[in-house]
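Asks: from the sequence below, what's the structure:
(one chain, ligands or ions: 1)
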Amino acid sequence: MTSEIDKIGREPPYRYDTTTPVHVPQAYRAGPAGERFMILIGTMNLTRTREQGQYYCPTCHSTQEYRLRARRPFLTLYFIPVVPIGDAELFVQCSGCRDKWDPTVLEMNKQEHESIQVEQFRDEAMRSALLIVLEDGTTSRREIKTLQAIANQLLDRRMDREELGELCSIAQQNGIRAHNYVLTVSRRWTQSQKAEALGAMFLAATAEGKLQKPQSKALAGMRDVLEMTEKEYETAIEAALHWEPIE
Ligand SMILES: [Zn+2]
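Replies: The predicted model follows:
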């Protein structure tokens, strides 16, 4: 799942979108003899498996079985598919996590996946820190400075106020909350990435010296969201305290 906030400054994600509505409208028509009868017309997607094999799954972080599947929309008459009304869409489905991917996932090797995953993680951790700041509905100058320092550390590049402002307004316009966002994106994070992201969120939340209530609540909730033990959670916070912010 990808939310609006992920689209900023990033190539289109290769995760496959699975939402295709299926609807079955009904049509009435006058018959040849003038009597009325009903023709039931609709559409349906037919999915077939074209090939199977093994691939490296970016969600499972391991080699898994996959099925290359083709989905094609058909016009149905009385629920029977008669004519195809669109091209077949190909996607790869993982038998481990059931995630769906664009077929290009098969062309990439483990190393490429890992470097993409790291890039993606950094962006996601940055956005998580920003969303924690937004929990109390305001962004102070200190918070912006802290977010910029986190960007220097995480992304290894400067993030100007404009870029931060753009991310903030997208998050606010779409009502994106830290809890839901992290819940979605952290599925693909490794244990150490979870700790790193939590550290970034902690630093962002404490930018003003003390924790505001909505921020401390969101931060405390991250232990469950990230499925961390109490010890892992504390260690991650502890480590964040030793971060040297690069101004
Ligand atoms: Zn998988």
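
Asks: elements contacting the lengthiest helix in the chain?
Replies: The longest helix of the chain (DSSP state H) is helix 110-134. Contact partners of helix 110-134 among helices and strands, from 3 or more C-beta pairs under 8 Å, 6 or more residues apart in numbering; DSSP states H and E: helix 141-154, helix 161-173, helix 178-185, helix 191-205, helix 213-225. No exception for glycine: its C-beta is placed from N, CA and C like everyone else's.

Asks: and this protein, which residues reach the ion?
Replies: Residues of the chain found near the ion (C-beta under 5 Å from the ion) are Cys57, Thr59, Cys60, Gln64, Cys94, Gly96, Cys97.

Asks: if we go to 8 Å?
Replies: For the chain, the residues found near the ion under the criterion C-beta under 8 Å from the ion are Cys57, Pro58, Thr59, Cys60, Ser62, Gln64, Cys94, Ser95, Gly96, Cys97, Arg98, Asp99.

Asks: which of those are buried?
Replies: Cys57, Pro58, Thr59, Gln64, Cys94, Asp99 (16 or more other C-beta atoms under 10 Å).

Asks: domain parsing for the chain?
Replies: 17-101, 111-241 (automatic domain parsing).

Asks: tell me, how many residues neighbour the residue nearest to Thr139 when sequence neighbours are not counted?
Replies: Closest residue to Thr139 apart from its sequence neighbours, by C-beta to C-beta, 6 or more residues apart in numbering: Val133 at 5.9 Å. Per other C-beta atoms under 10 Å, the neighbour tally for Val133 reads 28.

Asks: flag the shaky bits of the chain, pLDDT-wise.
Replies: Where the chain drops to pLDDT under 70, the residues are 1-37, 244-247.

Asks: what's the angle between the longest helix of the chain and helix 213-225?
Replies: 150 degrees (axes from the mean of the first three to the mean of the last three C-alpha atoms, to 10 degrees).

Asks: tilt between helix 110-134 and helix 178-185?
Replies: Using the same axes, to 10 degrees: helix 110-134 against helix 178-185 is 170 degrees.

Asks: now the residue nearest to Lys194 when sequence neighbours are not counted: how far from Arg158?
Replies: Closest residue in space to Lys194, ignoring its immediate chain neighbours: Leu226 at 4.6 Å, by C-beta to C-beta, 6+ apart. Here Leu226 is placed at a distance of 28 Å from Arg158 (C-beta to C-beta, to the nearest Å).
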